[in-house]
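> Next one to model:
(4 chains)
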Protein chains: 2
Amino acid sequence: MTTARVRDQYHHGDLEVALITTARKFVKKNGLESLSLRQIAQEIGVSPSAAYHYYPDRNSLLAALGFSLFEELADYQERELAKVAGTSARAARERFRILGRTYFEWAINEPHFFNLMFSDFCLIESHKDQARLENRAYQTLIRCLDNLVDTGSIDKKLRASAELLSWSVVHGTTSLIVSGHLETEDFERALDGLELALGIRK
Amino acid sequence: MTTARVRDQYHHGDLEVALITTARKFVKKNGLESLSLRQIAQEIGVSPSAAYHYYPDRNSLLAALGFSLFEELADYQERELAKVAGTSARAARERFRILGRTYFEWAINEPHFFNLMFSDFCLIESHKDQARLENRAYQTLIRCLDNLVDTGSIDKKLRASAELLSWSVVHGTTSLIVSGHLETEDFERALDGLELALGIRK
DNA sequence: TCCTTTATCTGAACAATGTACAGATAGTAG
DNA sequence: CTACTATCTGTACATTGTTCAGATAAAGGA
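Just a heads-up that it's a prediction; the model follows:
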């Protein structure tokens, strides 16, 4: 009976996570511009000023949501990567491809999330939690590239540049497609080109 | 005496461009989030509702500003490119480098502009003027890569992928640096890696 | 069990914003 | 000089983020 009495009570019980959850729902549907604290509060069934006990302002809520989305993306990527085990060259190449594809699909399926993650809102409290989140995805990429080196599938001369190139090609095409400057099919073309340029495929 | 009587008159005379000019000034300083139609109107010395004669809403004004910034960027790039003439391999490589660097510097110097250009606002009336603007920068890139092929500075096997790779690496690193996910120095490192991967430099 | 303290939320209020609309004003064409 | 049209004003309204004094509930100590 402790968890059931959530609504229509003076004390909500779990307002802090309810705020993010509801904000997530609104951003998913309508993007960040139209996100309203008052609508969120109304949806939860709480006063407009209740949110200010947990977040100093609207921007902070958006930032918190944004950072949680980085974790969601990393979770998704690791889940998909885990499906392809093995130490073969073929497996290493497929994991490299999956790493890029999951990033892209995440952005295509939830463009509003992608926009939030790389907006000014997720820049405020930078250089702290952010670096940790960043590392999680980055370490995955490094492991992936090391696998490719181990299986002799990548030009060793390019190993030092490969991380930055891979990340920027994947993020760059994704960003350009989401913002309507490239076509959806261009992503796979870019991945092909990247593998060619890195010597992963002949 | 026709151009002087601009302020404190019932008819402003050039409100349409004044709106964009003033909007430009505000976005440059404080970004898009805080841009207010009323502040713009006040700065120009005009009623809050005057803008609606030229733009149906706030988004349209931001879109118009955004598209004009694409032209500004293209102007800047072509101006800088023109400084390096010649058909030598060295000149071709330098132009390639300048093309990326101007894109990056533009974004670093005016991050708010960059954010607007690739925001949802500049996506509304897509597939029309946008394609034309896009082409202008894209044609410049193609000419640049053709020069590199002519001077034998680029791996012919990679020519087909080179456009997409170059554009996405430059835009990707720029976007990641502007949003605080990479360091400023990473841009030149990425360009080095790109030239290495494309066979432009050994 | 009662009382005090603390965390949590409400309610009313304020200034600022985007936008709509009826009307005023000024250039322009006849 | 008159009629017309483009341009801008003034007022109004709903909505927003945010503040702050106070109400309410939970927790802790006697």
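> Does anything pack onto the helix-or-strand element of chain A with minimal mean pLDDT? Which helices or strands?
Ranking every helix and strand in chain A by mean pLDDT, DSSP states H and E puts helix A:129-150 at the bottom, with a mean of 83. Contact here means 3 or more Cβ pairs under 8 Å, 6 or more residues apart in numbering or on different chains; DSSP states H and E; on that basis helix A:129-150 packs against helix A:58-81, helix A:89-109, helix A:159-178. For glycine as for every other residue, the C-beta is placed from the backbone atoms N, C-alpha and C.
> which SS class is A:Arg201?
coil (DSSP: H, G, I helix; E, B strand; the rest coil).
> got the residues of chain A near chain B?
Residues of chain A lying near chain B by Cβ under 8 Å from any Cβ of the partner chain: A:31, A:33, A:115, A:118-120, A:122-123, A:126, A:130, A:134, A:157-158, A:160-162, A:164-165, A:167-173, A:175-176, A:179-181, A:186, A:189-190, A:192-194, A:196-198.
> Can you say which of those residues are buried?
Those of the residues of chain A next to chain B that meet the buried threshold are A:115, A:118-120, A:122-123, A:130, A:134, A:158, A:161-162, A:164-165, A:167-173, A:175-176, A:179-181, A:186, A:189-190, A:192-194, A:196-198, by 16 or more other Cβ atoms under 10 Å in any protein chain shown.
> Would you mind naming what in chain A lies close to DNA strand C?
A:10-13, A:15, A:41, A:45-50, A:53-54 (Cβ under 7 Å from any atom of the strand).
> Filter these down to the ones in helices?
Applying DSSP state H to these, the entries found in helices are A:Leu15, A:Ala41.
> Now a PyMOL select for only the buried ones of the residues of chain A next to DNA strand C.
Restricted to buried positions by 16+ other Cβ under 10 Å, the PyMOL selection for the residues of chain A next to DNA strand C reads:
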select buried, chain A and resi 12+15+41+46+50
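> what's the most distant pair in the residues of chain A next to DNA strand C?
A:Gly13 and A:Pro48 (18.7 Å; Cβ to Cβ).
> For chain A, give me the ranges with low pLDDT.
A:1-8, A:10, A:124-133 (pLDDT under 70).
> hmm, back to that, with distance to A:Asp75 as extra columns, can I get the residues of chain A next to DNA strand C in a markdown table?
Shown next, in a markdown table, are the residues of chain A next to DNA strand C (distance: Cβ to Cβ, whole Å):
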| residue | distance to A:Asp75 |
| --- | --- |
| A:Tyr10 | 35 |
| A:His11 | 31 |
| A:His12 | 27 |
| A:Gly13 | 26 |
| A:Leu15 | 24 |
| A:Ala41 | 28 |
| A:Gly45 | 29 |
| A:Val46 | 29 |
| A:Ser47 | 33 |
| A:Pro48 | 32 |
| A:Ser49 | 33 |
| A:Ala50 | 29 |
| A:His53 | 29 |
| A:Tyr54 | 24 |
